[in-house]
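Participant: Sharing a sequence plus its predicted fold:
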Amino acid sequence: MKFNRDFKGRGGEARDPRLPPGQYDIGSNWPVLGAEATPNLATSEWTFAIEGLVGNPVTWTWDEIHALESATYEGDIHCVTTWSKFGVSFGGVSVDTLLACAVPLPSASHVVAYSHTGYTTNLPLGDITDGKAWVVWEYERRPLEVGHGGPARLLVPHLYFWKSVKWVAGLRLLDHDEPGFWEVNGYHDRGDPWLEQRYQGD
Ligand SMILES: Nc1nc2c(c(=O)[nH]1)N[C@H]1C(S)=C(S)[C@@H](COP(=O)(O)O)O[C@H]1N2
Ligand SMILES: [Mo]
């Protein structure tokens, strides 16, 4: 069952190769999903920090992070609730650029990404390096809406979207894995949509 159910659409047409197993194309919609109340964060007070196992802990202000080399993501995103969105664009800064300033120690193997509201998620360091993650403040060349995590959110598009922390406040580098909000509540530790890693045990 698990192997065959996604090869063809309902009408028997070929399945879009951009669609991971068990997902559907939500088109132009973009649902707002969140565990906490939407915060109202002024950019004048917003900060982003990298701390923990780094040689040079850094905290950027809104102006300081905008002074870094900008980067964009154009591609797809996948929510564990089964919608995927194709060909979206985000603008901000690559996590590689941020980590280059903070200088991870050799012992750093994992991160906890956390928000200004207390939400957390865990990631292996290797899932946010080498062009796989961004801190973004633009969606389709417009300021990111507060409901979607504005003024800025983490974007880790190769994993399910719960890893993309809204209202992101920082990354804490660790030498061990430390499950976050959804991971302690039964979601998969890593969340690769192509492996359909939705829940613990998947
Ligand atoms: N701070 C925070 N970030 C979060 C969440 C949350 O509850 N709080 N939910 C996650 C989940 S489960 C999803 S699916 C996406 C939803 O992002 P969206 O509302 O922009 O679609 O944000 C992720 N980031
Ligand atoms: Mo989600």
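Facilitator: Thanks, I have the structure now. The model shown is predicted, which means the values in this text are computed figures rather than measured ones. Ligands and ions are numbered 1, 2, ... in the order given.
Participant: hey, where'd the strands end up in this structure?
Facilitator: Assignment of strands within the chain using DSSP state E yields the ranges 24-25, 47-52, 58-61, 71-78, 83-94, 110-115, 120-124, 134-139, 142-143, 153-155, 168-174.
Participant: out of the ones you listed, nearest to G186?
Facilitator: Closest approach to G186 among those is made by strand 120-124 (13.7 Å; Cβ to Cβ). Just so you know, the C-beta spots here come from the backbone N, C-alpha and C atoms, and that holds for glycine as well.
Participant: Look up how far ligand 1 lies from V95.
Facilitator: Between V95 and ligand 1 the distance is 16 Å, computed by Cβ to the nearest ligand atom, to the nearest Å.
Participant: Model confidence for that residue, exactly?
Facilitator: At V95, the model reports a pLDDT of 99.
Participant: Apart from its neighbours in sequence, what residue is nearest it?
Facilitator: Once flanking residues are discounted, V95 sits nearest to A133: 4.1 Å by Cβ to Cβ, 6 or more residues apart in numbering.
Participant: wait, isn't that neighbour in contact with R153?
Facilitator: No. The pair A133 / R153 is not scored as a contact, 11.0 Å apart, by Cβ atoms under 8 Å.
Participant: So in terms of bridging, what pairs with K85?
Facilitator: Beta-bridge partners recorded for K85 (DSSP bridges): I77.
Participant: Can you give me every residue that contacts it?
Facilitator: For K85, the contact set (Cβ atoms under 8 Å, 6 or more residues apart in numbering) comprises 25-27, 30, 76-77.
Participant: Now that we have those residues, can you turn them into TSV and tack on distance to P157 and neighbour count?
Facilitator: Putting these into TSV (distance: Cβ to Cβ, whole Å; neighbours: other Cβ atoms under 10 Å) gives the following:
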residue	distance to P157	neighbour count
D25	15	13
I26	15	16
G27	18	9
W30	14	16
D76	7	19
I77	5	23
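Participant: Tell me the one of those nearest ligand 1?
Facilitator: Taking Cβ to the nearest ligand atom as the measure, ligand 1 lies nearest W30 of the contacts of K85, at 5.9 Å.
Participant: And the pLDDT at that closest one?
Facilitator: 97.
Participant: Same drill for A133 and R153, tell me which one is more crowded.
Facilitator: Higher neighbour count among A133 and R153: A133, with 27 against 22, using other Cβ atoms under 10 Å.
Participant: P151 and ligand 1: what is the separation?
Facilitator: 13 Å.
Participant: pretty sure that residue contacts Y139?
Facilitator: No. Counting by Cβ under 8 Å, P151 does not reach Y139; the two are 11.6 Å apart.
Participant: ok now the longest helix anywhere in the chain, how far from the chain's centre?
Facilitator: The residue-count maximum for a helix in the chain (DSSP state H) belongs to helix 95-102. Mean-position distance between helix 95-102 and its chain equals 16 Å (Cα atoms, centre = their mean, to the nearest Å).
Participant: Specify the angle between that helix and strand 168-174 in degrees.
Facilitator: 60 degrees (axes from the mean of the first three to the mean of the last three Cα atoms, to 10 degrees).
Participant: For Y114, which residues count as its bridge partners?
Facilitator: Under the criterion used (DSSP bridges), Y114 bridges to T120, G170.
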